[in-house]
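# test case, fold it:
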Amino acid sequence: MDRQILGQVEELISYRFSRPELLDEALRHSSQTDNRLASNERLEFLGDSVLSLVICQTLYERFSEYFEGDLTKLKSMVVSRKTCSQVAAALGVSEYIQVGKGTEQQMRGMSGSIAAGLVEALIAAIYIDGGLEAARCFILEHFKDAIDQAEACGHQENYKSLLQQHCQRQWSMTPLYELLDEKGPDHNKCFEVAAVIKHHRYPGAWGVTKKDAEQKAAQNALIELGLLEEDGGLK
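So this is what the prediction gives:
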């Protein structure tokens with residue numbers, strides 16, 4: 001690929017390659033070459049692992065209160081083809097992918113997958129060219145929104161988990177959930193539930209299912225315990 005075009009991509013991703021041939025390879029789709037080993041598929045394979053490593057370490061350090069299963073859920077939100085294709089769109093690099101002549105139309109429906117693979121290939125190319133720290137900087141800058149969104153979803157979905165971890169750590173016990181009330185016909189009930197810890201009942205909460213009510217009750221308990229802001233953010 002023309003050096004000027006490679007320079008345009010470097011501007012978009014804010015990284016200057018000491019080995020431009022790595023960037024050229026990252027931009028080369030398998031349809032563009034007769035030899036798949038000359039395409040970006042091998043880089044894509046490596047980039048997926050580098051991305052997973054950086055994201056897993058970030059989540060591990062950022063969510064010290066989360067169990068392995070909770071971290072796995074967050075990772076699946078961030079390390080996904082959808083997220084990678086969104087990053088590609090935000091960077092504006094998809095138009096630079098080299099595809100085979102005459103294949104543009106039939107590959108249009110695969111554009112999201114191709115864009116996701118391109119981002120993984122770029123991560124690998126940066127990793128090989130500049131090392132893990134360079135790749136980490138690229139990932140944390142461009143996947144920041146995805147990590148923040150996962151954090152917001154994680155807090156909303158894990159109030160019970162957070163409360164349980166706190167209770168086990170502080171008092172070596174598990175919180176109980178008491179059904180206070182239920183209303184509505186059998187096919188459309190709603191439930192009021194309260195968390196109970198050491199014989200203290202925390203403010204109850206209504207939900208369309210018992211599970212939903214328990215999550216909201218756990219949130220209320222975390223707020224009263226001073227572990228959670230009123231808007232749901234961790235203190």
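# all the strands of the chain, residue numbers only.
With DSSP state E, the ranges of strands along the chain come out as 176-183, 190-197, 200-201, 205-207.
# the third one pairs with which strands, and in what direction?
Strands that pair with strand 200-201, judged by DSSP bridges, come out as strand 190-197 (antiparallel).
# show me what the mean pLDDT comes to for the strand it pairs with.
For strand 190-197, mean pLDDT rounds to 97.
# now could you export just the CA positions of that strand as PDB?
Only the C-alpha atoms of strand 190-197 are listed here, as PDB (Å, rounded to 0.1, in the frame of the first residue of the first chain):
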ATOM      1  CA  CYS A 190     -45.100  -7.200  41.300                       C
ATOM      2  CA  PHE A 191     -43.200  -7.800  44.500                       C
ATOM      3  CA  GLU A 192     -41.800  -5.800  47.400                       C
ATOM      4  CA  VAL A 193     -38.600  -7.200  48.900                       C
ATOM      5  CA  ALA A 194     -36.100  -6.000  51.600                       C
ATOM      6  CA  ALA A 195     -32.600  -7.100  52.400                       C
ATOM      7  CA  VAL A 196     -32.000  -8.300  56.000                       C
ATOM      8  CA  ILE A 197     -28.600  -8.200  57.500                       C
END
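# give me the angle between that strand and strand 176-183.
160 degrees (axes from the mean of the first three to the mean of the last three C-alpha atoms, to 10 degrees).
# list of residues touching the longest helix belonging to the chain?
For the chain, the helix with the greatest residue count under DSSP state H is helix 41-62. With contact meaning C-beta atoms under 8 Å, 6 or more residues apart in numbering, helix 41-62 is reached by 22, 25-26, 30, 66, 71, 74-75, 78-79, 84, 117, 119-125, 127-128, 132, 135-136, 139-140, 143, 147, 150-151. The C-beta positions use only the backbone N, C-alpha and C, and glycine is treated the same way.
# list the contacts of residue 92.
By C-beta under 8 Å, 6+ apart, the neighbours of residue 92 are residue 12.
# picking that back up, which stretch among the strands of the chain comes nearest residue 166?
With C-beta to C-beta as the criterion, residue 166 lies closest to strand 190-197 of the strands of the chain, at 9.2 Å.
# list the buried ones in the closest one?
By neighbour count on 16 or more other C-beta atoms under 10 Å, the buried set for strand 190-197 is 191-195, 197.
# let's have those in a markdown table, adding distance to residue 61.
A markdown table is the format used below for the buried residues of strand 190-197 (distance: C-beta to C-beta, whole Å):
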| residue | distance to residue 61 |
| --- | --- |
| 191 | 37 |
| 192 | 38 |
| 193 | 33 |
| 194 | 34 |
| 195 | 28 |
| 197 | 28 |
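# CSV for the strands of the chain, including distance to residue 94?
Listed next are the strands of the chain as CSV, based on distance: least, C-beta to C-beta, whole Å:
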stretch, distance to residue 94
strand 176-183, 48
strand 190-197, 46
strand 200-201, 55
strand 205-207, 42
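# out of those strands, nearest to residue 14?
Judged by C-beta to C-beta, the one of these that comes nearest to residue 14 is strand 205-207, at 45.0 Å.
# and the closest one, which strands flank it?
strand 190-197 (antiparallel).
# quick one: contacts of the partner strand?
Residues outside strand 190-197 that contact it (C-beta under 8 Å, 6+ apart): 163, 167, 171, 173, 175-184, 201-210, 213-214, 216-218, 220-221.
# let's see it at 6 Å
167, 175-184, 201-202, 204, 206-208, 210, 213-214, 217-218, 221 (C-beta atoms under 6 Å, 6 or more residues apart in numbering).
# buried subset of these?
By neighbour count, with 16+ other C-beta under 10 Å, the contacts of strand 190-197 hold 167, 175, 177, 202, 204, 206-207, 210, 213-214, 217-218, 221 as buried.
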